[in-house]
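> need coordinates for the following:
(chains A, B and C)
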Amino acid sequence: MLEQLATFEGSRARMGDAWSLMKELFPLCRSITGAGTRATLAAIGARIPLQIFEVSSGTQVFDWEVPNEWNVREAWIEDSKGQRVVDLRNHTLHLMSYSTPIDRVMSLEELKPHLHSIPEHPEWIPYRTSYYRDNWGFCLPHRQLTELREDQYHVRIDSDLRPGSLSYGEFYVRAATEEEVLLFTHICHPSLCNDNLTGIALATELAAQLQHSNPHFSYRIVFAPGTIGSIAWLAKNEAQVGRVRHGLVLGLAGDRGPLTYKRSRRGDADIDQIAAHVLQEIGDGARLVDFSPYGYDERQLCSPGFNLPVGRLTRTPNNEYPEYHTSADNFSILDEDALAQSLQATAAILRIADRDGIYLNLSPKCEPRLGKRGLFRLTGGRHPGEFEHALLWVLNQSDGTNSLLAISRRSRLPFDVIAAAAEALLGVNLLRRKESGIGSGLAS
Amino acid sequence: MLEQLATFEGSRARMGDAWSLMKELFPLCRSITGAGTRATLAAIGARIPLQIFEVSSGTQVFDWEVPNEWNVREAWIEDSKGQRVVDLRNHTLHLMSYSTPIDRVMSLEELKPHLHSIPEHPEWIPYRTSYYRDNWGFCLPHRQLTELREDQYHVRIDSDLRPGSLSYGEFYVRAATEEEVLLFTHICHPSLCNDNLTGIALATELAAQLQHSNPHFSYRIVFAPGTIGSIAWLAKNEAQVGRVRHGLVLGLAGDRGPLTYKRSRRGDADIDQIAAHVLQEIGDGARLVDFSPYGYDERQLCSPGFNLPVGRLTRTPNNEYPEYHTSADNFSILDEDALAQSLQATAAILRIADRDGIYLNLSPKCEPRLGKRGLFRLTGGRHPGEFEHALLWVLNQSDGTNSLLAISRRSRLPFDVIAAAAEALLGVNLLRRKESGIGSGLAS
Amino acid sequence: MLEQLATFEGSRARMGDAWSLMKELFPLCRSITGAGTRATLAAIGARIPLQIFEVSSGTQVFDWEVPNEWNVREAWIEDSKGQRVVDLRNHTLHLMSYSTPIDRVMSLEELKPHLHSIPEHPEWIPYRTSYYRDNWGFCLPHRQLTELREDQYHVRIDSDLRPGSLSYGEFYVRAATEEEVLLFTHICHPSLCNDNLTGIALATELAAQLQHSNPHFSYRIVFAPGTIGSIAWLAKNEAQVGRVRHGLVLGLAGDRGPLTYKRSRRGDADIDQIAAHVLQEIGDGARLVDFSPYGYDERQLCSPGFNLPVGRLTRTPNNEYPEYHTSADNFSILDEDALAQSLQATAAILRIADRDGIYLNLSPKCEPRLGKRGLFRLTGGRHPGEFEHALLWVLNQSDGTNSLLAISRRSRLPFDVIAAAAEALLGVNLLRRKESGIGSGLAS
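A predicted model of the protein is given here:
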């Protein structure tokens, strides 16, 4: 399962498709609802099987309400000479997301409170939203803002905020067990590249491979708008979240910073241990950071009422690189090798998660005779090899408390060798898989 | 609560009163019972409300019995020329505490076994006691002892040991809850300064402020003779000690050594964590030491049958500075800044202890919408500030297991910011205080 | 108990006897069954009381079956000129253990698959066995093997494999309690010195002293063939293994490498903590290693179905010195000081294990008055001594959870002082020994 992607070369070979998807998605004017978001889901759905869900405006989802759907046709500011000072057609970031409609002439003084810029980076356009307060605004380079002279400006936003729905998509592969691995990526950012498109591309490539694999767990990949999307998803799936055995939030996957795994709220979930293992093996500056309640959809998935075993894989985290949430988060800060490594790491984590498990030695009193079962060489006196050691380790530690990953780490033998030893012992009925989860405490 | 004292300047401003109390108390001939100890309690009681308790001689208190009351009128040694060689009137340390009466002439040889000195410090008078064995003795500088020539000495101790009582005082502030913070300081040492008077002065200053505050917990400060006093107190209050949520033994608070917090026997009680936090913030060489069963009244309060969550705050601990238990433990080794810092640290510990607590997020599934409650700014896209982070941390961690201090430490946000966030969330009904104790396991 | 042996000098004085036993045992052709092994047990039994047990061939012991008994009278290879190329009479390692009988002339080509050597060490004879597959073989120096020319070789092995029995011996000292300390050493290796004879000699010296001691626990020392011997012993004693409070596997005790304690599978059993304490005190490079499921009889004793609190004491572990399992493992790699230190360490571990225990303070509320019981000096004011501190530590910590060793480590007072304090407190009825085990979780 995911054997190809779990190598750098295998993931690197997928970058052509990943880039092609991101190029297609970049110009769309996404938000937490509306046409741009639906077009994004359609582009993903053209590549992998995707079920689309619509949640009506006004639906109560825990402490929140799904907002009205927002769509915009045009948005610009014209000076008194009819010159377009700012125009949505030039960049999707120019308009504050969820801006209310307006069509009026006003002075610069009246306009200014509605203009957003970044003085420290005078050439960049900031990304601003106003989902839950009726307001309008434009974002522009600070240099341009400071050059605006006293004048009468015609401000026009042809948008509407009407009852509609919030859209999200699900890719799902059903295995023999309903226990599932859950991946989450957000789809609500407009023309931002690292923060949004890389996560979508990575998840899409994983899905493309997963649909042809035969995994132990079921796999679900959710493409949804940030925050309100995961809140709506949790509200709709509340009764089923106990199925989630492992989860990852994916995003910010293509910049040149090091791989960064953020632990789940639990801190020691299996996914945390698996990710730590994989990042240690990949090296290259990859690092672990502790959970914090700020970030992406792990905020909701790891809220105390759910506390799901969900970590987050990014490269440089949100707000820790200067281009974050600005027009400078474009293709120029991406690197194909970096995105490939993120895909490799995700696949390697899922590959271990899928094969890990707790087993029971069915002959726990003394060692069983491996020689008569063809698993141990028959002339004694010499030191046994790695595989024979792995057999002894799996037998000795499989008392219903130690996962294969734990045995791999304690024995300092590669996970693949331990997993192969477990496979061989299953084959001669010296081992059986423990039914309940890997210490997750969740009903399956 | 204790906001002033919890700053160095606020505590420093109290040093005038502290010194005035210590000057008044220094000359009194204290012991574990008797007139000097009662005069000491009277001086304290002139400054703060103090209830005096008397426990009759002969009362069985666990494995001990309250001894007879000891009082002394005069005590001296005269040589054959009528010269007073040693006289209690010159220094309260000259007489071994609880010396039995005597009025007899004897040779130097007969006298010598009753004379105590410190050869390593020939100018200092040692402090000696004989509470539980009938004996008498004098303490004097070693230089003076070596100069005594053969002679007939008139030894007179006009003391009596008669049924009476042991005295201790309690300051008490009653809050809405009976759960209490317990402070203990000993009052049995005669003219010793750091070891006794600084603890009394510190506790008196705290009491003076506490009586005007409105704390969450009730506060009890016990001024009692060491060992037998705390044993008698525990015997009398055995049924109520379950109320003690946090406790501190105070003493040795004015020397120039670094602040030293000795952990409770539990080692990880809340008070231990709070003290560690405060001492780390104060810095200046402040240090933590592990519990040991030797010291002051923590010996009794932390005996295995009680095991109360009581730590000890001193500067240089008992027996670790040369002047300890000698006449050199006088005002010359005290420092106003040092005592002020001890007072500050104690107040800061109590301030956190009083506001710390475990809370429950009343909207634990996903984040609640803080914007609509006026707690979060409404334009999205920018990084939230410290207070907004604190709100998210308190909500995420308040699952009934994490105290505010634990959240402060995990989030690396100041305790005050976390406490303010909890206050704000209480105000909008997103949080409630958990009823039972902070992991103390004690019935309230 | 074992007071002499627990010092280096005391153990060093026993080396004459140890060497004499090893010299006597060296030439015997031991295997997992047969005459050589019985002769070995007889030599041990001439020195200490030893009960011999025989387990019939064919007996089912867990997943194994006791094999036929193997005995050999002669074994050699003769070239066509009648020259004996290899002869069992020259070295017991020349014959692969459990070789089936043969008496036939064959070519070098036919012979070669049955010849074993070590190319890296061309002068050494390897040690090979084939207990569970019918086969025959000879072992010889690689130099000699490469010099064999094409010829017709007469191969003769006059052995037999017939129903008989597997033999092992037990030394046992019965104390007031049936709870026991179990020592295990293997006796199945032929003329190998460090790997086998040192363990036998060490165990025999311990037994010689134990029979004259009056220990708290019962002691059982098992001399048995490796693997199948401990499997047979466990099968026979399955119902009684709950009695084992501490255990050690002994072997490889005389080489010049550092003392090496291998932790039990539990990792934190009392024996692990005691061994860590003793090895730290001995120093001299002594080291601890984690449990692994490969090694000697701890493989069986620590299989998950038993998981006994059994560690292993060696110097250089199996397979970590070049002479291991070759003819070079002879007297030349042994050192009397090294074996003496191994004996000292084992005795010191047993000495603590025997006296360690969990006690209950019978006067747990406040300190009891030690003065009136003659355990504390009566003039107060001075710092108490080490023994008085030990009394306070034992009283304070004896709440039914802390062993004397734990108290010794927490207080940084020597174990002997803590044990003496406990003894004194037992004498005045302030303490009693807790009945159940030291946290072993085993029924006694």
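
> what residues does stretch A:294-301 touch?
Contact with stretch A:294-301 is made by A:182, A:184, A:186, A:224, A:226-227, A:229-231, A:234, A:247, A:249, A:251, A:262, A:264-265, A:291, A:293, A:306, A:308, A:310-312, A:317-318, B:366-367, B:384, B:389, B:392, B:396, as judged by C-beta atoms under 8 Å, 6 or more residues apart in numbering or on different chains. In this view, the C-beta of every residue, glycine as well, is placed from N, C-alpha and C.

> and if you look at stretch A:409-418?
Residues outside stretch A:409-418 that contact it (C-beta under 8 Å, 6+ apart) are A:277, A:352, A:355-356, A:386-387, A:389-390, A:393-394, A:397, A:402, A:404-405, A:407-408, C:290, C:292.

> give the PyMOL command for selecting the buried subset of those.
A single PyMOL command is used to select the members of the contacts of stretch A:409-418 judged buried by 16 or more other C-beta atoms under 10 Å in any protein chain shown:
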select buried, (chain A and resi 277+352+355+356+389+390+393+394+397+402+404+405+407+408) or (chain C and resi 292)
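
> so which of the contacts of stretch A:409-418 are in helices?
Counted as lying in helices by DSSP state H, out of the contacts of stretch A:409-418, are A:277, A:352, A:355, A:386-387, A:389-390, A:393-394, A:397, A:404-405, A:407-408.

> for A:P317, which non-adjacent residue is closest in space?
Counting by C-beta to C-beta, 6 or more residues apart in numbering or on different chains, A:T260 is the residue found nearest to A:P317 once chain neighbours are left out, at 5.7 Å.

> quick one: stretch A:318-338 to chain centroid distance?
How far stretch A:318-338 lies from its chain's middle: 16 Å, per C-alpha atoms, centre = their mean, to the nearest Å.

> what comes up buried for it?
A:318, A:321, A:323-329, A:333-335, A:338.

> for A:R409, the count of nearby residues, please.
Using other C-beta atoms under 10 Å in any protein chain shown, A:R409 is surrounded by 17 other residues.

> get me the contact residues on chain A for chain C.
Residues of chain A lying close to chain C by C-beta under 8 Å from any C-beta of the partner chain are A:361, A:363-369, A:371-372, A:378-384, A:389, A:392-393, A:395-399, A:410-411.

> one more pass at 10 Å, please.
Contact residues, chain A versus chain C (C-beta under 10 Å from any C-beta of the partner chain): A:360-361, A:363-373, A:376-384, A:388-389, A:391-402, A:410-412, A:430.

> mind giving me the ChimeraX command for buried ones among these?
Selection of buried members from the residues of chain A next to chain C for ChimeraX, criterion 16+ other C-beta under 10 Å:
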select /A:360,361,363,364,365,366,367,368,369,370,373,376,380,381,384,388,389,391,392,393,394,395,396,397,398,399,402,410,411,430
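
> among the residues of chain A next to chain C, name the ones in strands.
Among the residues of chain A next to chain C, the members found in strands (DSSP state E) are A:L360, A:N361, A:D399, A:G400, A:T401, A:N402.

> run through the bridge partners of the residue positioned nearest the centre of chain A.
Closest residue to the average C-alpha location of chain A: A:L250 at 1.7 Å, with C-alpha atoms, centre = their mean. Counting by DSSP bridges, A:L250 is bridged to A:L313.

> and A:S97, by the same measure?
Per DSSP bridges, the residues bridged to A:S97 are A:T129.

> mind listing the strands for the stretch 151-300 of chain A?
A:152-162, A:165-173, A:180-186, A:218-224, A:244-250, A:260-262, A:287-289 (DSSP state E, counting those that start in this stretch).

> redo those as a markdown table? Include distance to A:E205.
Below are the strands of the stretch 151-300 of chain A laid out as a markdown table (distance: least, C-beta to C-beta, whole Å):
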| stretch | distance to A:E205 |
| --- | --- |
| strand A:152-162 | 34 |
| strand A:165-173 | 11 |
| strand A:180-186 | 12 |
| strand A:218-224 | 11 |
| strand A:244-250 | 11 |
| strand A:260-262 | 19 |
| strand A:287-289 | 23 |
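
> got a markdown table for those strands, with mean pLDDT and distance to B:S213 too?
Listed next are the strands of the stretch 151-300 of chain A as a markdown table, based on pLDDT from 0 to 100; distance: least, C-beta to C-beta, whole Å:
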| stretch | mean pLDDT | distance to B:S213 |
| --- | --- | --- |
| strand A:152-162 | 98 | 52 |
| strand A:165-173 | 98 | 51 |
| strand A:180-186 | 98 | 49 |
| strand A:218-224 | 98 | 50 |
| strand A:244-250 | 97 | 46 |
| strand A:260-262 | 98 | 42 |
| strand A:287-289 | 98 | 40 |
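
> between the ones you listed, which one is nearest to A:R47?
Among those, strand A:165-173 comes nearest to A:R47, with 9.9 Å by C-beta to C-beta.

> so what strands line up beside that closest one?
Sheet pairing for strand A:165-173, assigned by DSSP bridges, gives strand A:51-56 (antiparallel), strand A:218-224 (antiparallel).

> could you tell me the angle between the longest one and strand A:244-250?
Between the axis of strand A:218-224 and that of strand A:244-250 there is an angle of 40 degrees, by axes from the mean of the first three to the mean of the last three C-alpha atoms, to 10 degrees.

> pull the distance from strand A:218-224 to the chain's centre.
In terms of C-alpha atoms, centre = their mean, the centre of strand A:218-224 is set 10 Å apart from its chain centre.

> and it with strand A:180-186, angle?
Inter-element angle recorded for strand A:218-224 and strand A:180-186: 20 degrees (by the same axes, to 10 degrees).
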